[in-house]
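Trainee: I need the structure of the sequence given here:
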Amino acid sequence: MNDRISYEEKKELPDSVFGLPERREYPMPDAAHVRAAEAYFRYCPEDLKPKLARAILDRAQEFGVNVESPEILSYAGQ
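Mentor: Numbering: from 1, shown residues only. Below is the predicted model of the structure:
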């Protein structure tokens, strides 16, 4: 599983695949990156965690990834 995206690849991604599109952070173009965003969730600024949590769950559903993190589920209001 490769969860690394080069700078060039990241530049080509549409805003819609980012967990925080306005900052172009937490890219989730595929299932591996949804899992990476879940793993790096703890580094997200506190005020942006609810938005990122909802984005992770939306992208996870799209790719069939099961998110079990109680923290992410809590921030997403699940």
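Trainee: list the buried ones in the top helix by length along the chain?
Mentor: Longest helix of the chain, by residue count under DSSP state H: helix 49-63. Within helix 49-63, the residues that count as buried by 16 or more other CB atoms under 10 Å are 49, 51-57, 59-60. Every residue, glycine included, has its C-beta placed from N, CA and C.
Trainee: Next secondary structure after it?
Mentor: As assigned by DSSP states H and E, the chain's next helix or strand after helix 49-63 is helix 70-75.
Trainee: Could I get the average pLDDT for that next one?
Mentor: Mean pLDDT, helix 70-75: 97.
Trainee: who does it touch, helix- and strand-wise?
Mentor: The contact analysis (3 or more CB pairs under 8 Å, 6 or more residues apart in numbering; DSSP states H and E) places helix 70-75 against helix 49-63.
Trainee: Please verify my assumption that residue 63 contacts residue 37.
Mentor: No: using CB atoms under 8 Å, residue 63 is not in contact with residue 37; the gap is 11.2 Å.
Trainee: how many neighbours does residue 23 have?
Mentor: Around residue 23 there are 13 other residues, counting by other CB atoms under 10 Å.
Trainee: next one: residue 68
Mentor: Look at residue 68: counted by other CB under 10 Å, it has 8 neighbours.
Trainee: Could you pull up phi and psi at it?
Mentor: Dihedral pair for residue 68: phi -110, psi 0, per degrees, to the nearest 10.
Trainee: cool, and residue 22?
Mentor: Phi and psi for residue 22, reported as degrees, to the nearest 10, are phi -70, psi -20.
Trainee: Please name the residues that touch it.
Mentor: residue 15 (CB atoms under 8 Å, 6 or more residues apart in numbering).
Trainee: Mind telling me what element residue 26 is part of?
Mentor: For residue 26, the host element (DSSP H and E) is strand 25-27.
Trainee: Which positions within whichever helix or strand comes after that strand qualify as buried?
Mentor: Once strand 25-27 ends, the next helix or strand along the chain (criterion: DSSP H and E) is helix 31-40. Neighbour-count burial for helix 31-40, counted by 16+ other CB under 10 Å, picks out 31, 33-38.
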